[in-house]
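requesting a structural model of the entry that follows:
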Amino acid sequence: MHKVAIFGSTGSIGTLTLEVISHLGKDYKVVALSTHRNIKLLQRQIEKYSPEILDEELTRHFEVEMEEIRELLSEEIEKHKGKKND
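Numbering: from 1, shown residues only. This is a model prediction of the structure:
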């Protein structure tokens, strides 16, 4: 099995590389992904390829993004609770 790391997996070359790997079958395994900004696409790539490694800086960025999402959800939940009590 060939193990592949893709740096810049959400860019044009990275997405094309992942597409090629998908067509090559079980002989290739994506073990690492990284991106600079495109977190949403990276999330889809993680779901599809299940890499073992994510870039450390990216992981910190993702944690910040997730915290922001949690805060927004919490605010929305509070808004809905307030509407139910009216």
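
what's the longest helix in the protein?
Ranked by residue count under DSSP state H, the longest helix found in the chain is helix 56-85.

helices or strands next to it in the packing?
Using 3 or more Cβ pairs under 8 Å, 6 or more residues apart in numbering; DSSP states H and E, the elements in contact with helix 56-85 are helix 39-49. Any C-beta I mention is one placed from the backbone N, CA and C, and that applies to glycine too.

now do the helix it packs on: distance to the chain's middle.
Chain-centre distance of helix 39-49: 4 Å, with Cα atoms, centre = their mean, to the nearest Å.

same thing with stretch 45-53?
Chain-centre distance of stretch 45-53: 8 Å, with Cα atoms, centre = their mean.

and residue 33, that one's in a helix?
No. Using DSSP: H, G, I helix; E, B strand; the rest coil, the assignment for residue 33 is strand, not a helix.

is it in a bridge, and if so with what?
When bridges are called by DSSP bridges, residue 33 pairs up with residue 6, residue 54.

which residues touch it?
5-6, 9, 42, 45-46, 49, 51, 53-55 (Cβ atoms under 8 Å, 6 or more residues apart in numbering).

check residue 15 too.
By Cβ under 8 Å, 6+ apart, the contact list for residue 15 reads 9, 41.

is it true that residue 3 touches residue 31?
Yes. Counting by Cβ atoms under 8 Å, residue 31 is a contact partner of residue 3 at 4.6 Å.

quick one, which of the two is more surrounded?
Per other Cβ atoms under 10 Å, whichever of residue 3 and residue 31 has more neighbours is residue 31, with 16 against 10.

I'd say that one and residue 51 touch.
Yes. Using Cβ under 8 Å, residue 31 is in contact with residue 51, at 5.7 Å.
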